[in-house]
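Undergrad: Kindly generate the corresponding structure for this input.
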Amino acid sequence: MRTDRQWMNVRLRDGYLTDEFEAGIEEFVDFAQTHPELMDGTKIRCPCNDRKCQNRSFQELDTVRFHLAKNGFVKDYYVWYKHGETVVQQTSNQNVQRSVESDVGIEYAQPNNACQAMLMDVIGPSFNPHVIEDIPNPTAQELYEMLKASEQEVWPGNPYGHSKLSAVARLLNLKVKHHFSERCFDDICQFLSELLPENNVMTDSFYSTKKLMQGLGLPMYYFPLTPRLQRLYASKATADDMRWHKEHNTEEGVMRHCSESPAWKHFDQIHPSFAAESRNVRLGLCTDGFQPFGQTGQQYSSWPVIVTPYNLPPWMCMKDEYMFLSIIVPGPRNPKEKLDVFLQPLIAELKHLWEVGVQTYDVSTKQNFQMRVALMWTISDFPAYSMLSGWSTAGKLACPYCMENSDAFSLSKGGKTSWFDSHRKFLLMEHPFRRNKKAFRKGQTVLKGAPPIRSGVEILELIEHYGFKKVTENDADGKNAQISKNCRCGWKKRSIFWDLPYWKSNLIRHNLDVMHIEKNFFDNIFNTIMNEEGKTKDNAKSREDLKEFCSRPELHRDETTNKFPKACYSLEKDAKEALCKWLKELRFPDGYASNMGRCVDMKKHKLFGMKSHDCHVFMQRLIPIAFRELLPGNVWQALTEISIFFKNLTTTVIKKEDMERLEKEIPIILCRLERIFPPSFFDSMEHLPIHLAYEAMIAGPVQYRWMYPFERYLRKLKNNVRNKAKVEGSICNAYLVEEASAFCAHYFQPQVYTRHRKVPRNYDYGMGDGSEQEGMLSIFNNTGRSYGRAKSRYFLDDQEYHAAHTYILLNCEEVKPYIEIYANELRQSEPHIDDAAIDAKLDQDFASWFEKF
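TA: A predicted model of the protein is given here:
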């Protein structure tokens, strides 16, 4: 409080107006008249405590005098900032600059703790607490309240110096980490209030905690993108990393990040003004539906729309803390083509962020800049691909690359669409498979070439030529259905993404999801080889179709027994048993894969409950091993080639020449599979790999464009559904808490566990007292922890002893100089030796060399 204006609190004495208050009123009126720019003619703002005034209405001078004498001044109006006062002289003649925080009960100070630093990062330099020319708006008032909470100790003299804000932020972090319910959070707050001294200021409920944290600008139920992107530049933990895509070193022809891809570089060339500012943000968008009640519960489909920035480096990009929930399309029904209706606010915001941008403060450079945003592409499974792009992914025209040039056909007996013999056209013109009339469709050769890939400009012109409407327009459903039927094309609508001015210039607009394609491909292979009833692609109808379309008499029905002979790609019972037993006993390195033994049914000789990542590991790592001795050589070779294709496709670092090689190899691999499996085996999932190498060559590494990180994120959203009567409300409420906690967690003390500082589950450091013992190697300074139940003493054999000895030496700081000496000796004796060979020598011979050194 201003010490020279204490008279403002003493208006009456014995029922009469005090002389000091009367003199103060005159002092105020005289001061207000010295700032005519803040007056309305001869009127000034009335600062009386009446709810109709409170500095909101202009009154004549005598009226203001009367109001102040009757009602007193508005609470805490010690600095007359509304009437032009910014700097006030104390009676002690010391010039003290006062901040407007005084008007809300805060003494402003420079940020001297982490919470204050966090708030000042959020506020930015445009927020000047010393000079305010108006009453704080509600948003600013929330920030003032948070500043006050960051200064206010939980109770005076608490030993750890926790402020009200830091305590609340820690509690939110615990709620996110351990999934507290709101009732549990309320109970904890009440219990803490009982434990703490009576003069504590701890929040008493989750509601009051949310009210306090609203100053961070977190939205409610609708999640605008702009403030989330601005906070990436407001925090020192992320601001520098948002420029990584422009500043990191690159290697010609090598792609480690999508910023090194031709699609990114093409966008820079088409839009140089956007590319000139490295802090402009590039985004990916993903959507997928999930069932919050499990497979056996009520049918309900909720569709979150998630946006993630690509500016960040690989170790941060696609992590769940940088995935921003933007929209939740409510259930219970699948929105299908109506998804565009719910995307309207996001598309409108993206258009504004592209055309105008938003002023943003970069805490790393201490500068304001106009941040613009561009959406690079979408990521989704194949059904959602149709919802986002407008191209139907069902039927004979399902492929969005082949379009009307598709060679898919309907099986007469099976009734389904087959993509059999759709890949010879991708081969080189002189390849012998093109002229083969027996191994593929009977009597047919293929002379045509691969269909051309259409640009975004060409596709948009085609859509406009047909006259497709957006689903948000009047009579769009009937009009689009009629056009699609008359034109016999795969388009169903004009996607709302075409409203983005730059969308037609993107080389890749919608990604084919490698995760789902790989899983479906594996399921078809494994179920057919294991001849699993109801899931195999080799059944009676399949054999009848095979007889019609292919020349393979060895697989036709035996007229004598009326049975179909066993195919070369099908396992016998003993082979199935051997495979299941091997999988049951198979063990992987810790954290590499789940326990596949739990998926093995030894009685029925089949696998069940395999997740997408289990299929990913089996497809890329186990197929060449599992079927090496169980299948004929030609079958095993074709399966091994498709396994290696997916393995090379999904490496974290890719080279342009490698993707060009894969693009040439995949048609040959698929043709070899066509010579083995029946036409019913080849649905759209077996065809789409023909285009995956092209997408990787254009858009960069697959791990930035597949569904794995988003599926994990959807799993987290599903776990947040506590009130099953209000699915979307539960998700929104939990998401707001997690987002606030994630931002605050960057400012916690280093010893506080957060999801940004996850400790590996096998981390043993800190188990001992941490004291170094003289003469002991550094690797033994930590005690470690026991694993499992104590067993009888185990003696290492020579091979195990050598492995343990080598591991200790190679991971000991004191031995590192000798490792360099040994490596240099190898290079001198063998000038052409590579790093892989040196690593092998280290594992094999370094221990004995070191012992003799």
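Undergrad: Tell me how far Ser273 lies from Glu355.
TA: Applying Cβ to Cβ, to the nearest Å, the value for Ser273 to Glu355 is 12 Å. To be clear about C-beta, it is placed using only N, CA and C from the backbone, and glycine gets the same treatment.
Undergrad: ugh, wrong one, I meant Ala696
TA: 32 Å.
Undergrad: Compare these two (neighbour count), which wins?
TA: Legend: neighbour count by other Cβ atoms under 10 Å for Ala696 and Glu355, higher for Ala696 (25 against 10).
Undergrad: Contact partners for the more buried one?
TA: Under the criterion of Cβ atoms under 8 Å, 6 or more residues apart in numbering, the contact list for Ala696 reads Leu649, Ile654, Met659, Leu662, Val702.
Undergrad: export those to JSON lines and tack on secondary structure?
TA: Output for the contacts of Ala696, formatted as JSON lines (DSSP: H, G, I helix; E, B strand; the rest coil):
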{"residue": "Leu649", "secondary structure": "helix"}
{"residue": "Ile654", "secondary structure": "strand"}
{"residue": "Met659", "secondary structure": "helix"}
{"residue": "Leu662", "secondary structure": "helix"}
{"residue": "Val702", "secondary structure": "helix"}
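Undergrad: State the pair within these that is farthest apart.
TA: Leu662 and Val702 (11.6 Å; Cβ to Cβ).
Undergrad: Pull up the overlap in contacts between those two.
TA: Residues touching both Leu662 and Val702 (Cβ under 8 Å, 6+ apart): Leu649, Ala696.
Undergrad: can you count the residues close to Gly609?
TA: The number of residues packed near Gly609 is 11, by other Cβ under 10 Å.
Undergrad: And what about it, helix, strand or coil?
TA: Per three-state DSSP, the local secondary structure of Gly609 is coil.
Undergrad: Same question for Ser326.
TA: strand.
Undergrad: Surely it is in contact with Phe223?
TA: Yes. Judged on Cβ atoms under 8 Å, Ser326 makes contact with Phe223 at a distance of 5.3 Å.
Undergrad: Where does the prediction get shaky in this protein?
TA: In the predicted model of the chain, residues 1-3, 86-151, 176-177, 213-222, 295-297, 743-775, 781-794 satisfy pLDDT under 70.
Undergrad: center of it - which residue?
TA: Met323 (3.4 Å; Cα atoms, centre = their mean).
Undergrad: shouldn't that residue be in contact with Thr308?
TA: Yes. Under the criterion of Cβ under 8 Å, Met323 makes contact with Thr308 at 4.9 Å.
Undergrad: follow-up on the earlier one: and the residue nearest to the centre of the chain, what is it in contact with?
TA: Each residue near Met323 by Cβ under 8 Å, 6+ apart is listed here: Ile306, Val307, Thr308, Pro709, Phe710, Tyr713.
Undergrad: Quickly name whichever of these is closest to Met776.
TA: The closest of these, once distances to Met776 are taken by Cβ to Cβ, is Pro709, at 42.1 Å.
Undergrad: Can you tell me, leaving aside adjacent residues, what's nearest to the closest one?
TA: Computed as Cβ to Cβ, 6 or more residues apart in numbering, the closest residue to Pro709 that is not its neighbour in sequence is Met318, at 4.5 Å.
Undergrad: So that neighbour versus Trp498, what's the distance?
TA: Applying Cβ to Cβ to Met318 and Trp498 gives a distance of 26 Å.
Undergrad: quick one: which of those two has more around it?
TA: The residue with more neighbours, out of Met318 and Trp498, is Met318; 23 against 20, by other Cβ under 10 Å.
Undergrad: That one and Ile306 touch, don't they?
TA: No. Contact criterion Cβ under 8 Å: Met318 and Ile306 do not qualify, at 10.6 Å.
Undergrad: rewinding a little: which of the contacts of Met323 are buried, as a PyMOL select command?
TA: Here is the PyMOL command that picks out the buried ones among those, judged by 16 or more other Cβ atoms under 10 Å:
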select buried, resi 306+307+308+709+710+713
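Undergrad: Please flag which of the contacts of Met323 sit within strands.
TA: Ile306, Val307, Thr308 (DSSP state E).
Undergrad: Please name the bridge partners of the second one.
TA: According to DSSP bridges, Leu285, Phe324 are recorded as the beta-bridge partners of Val307.
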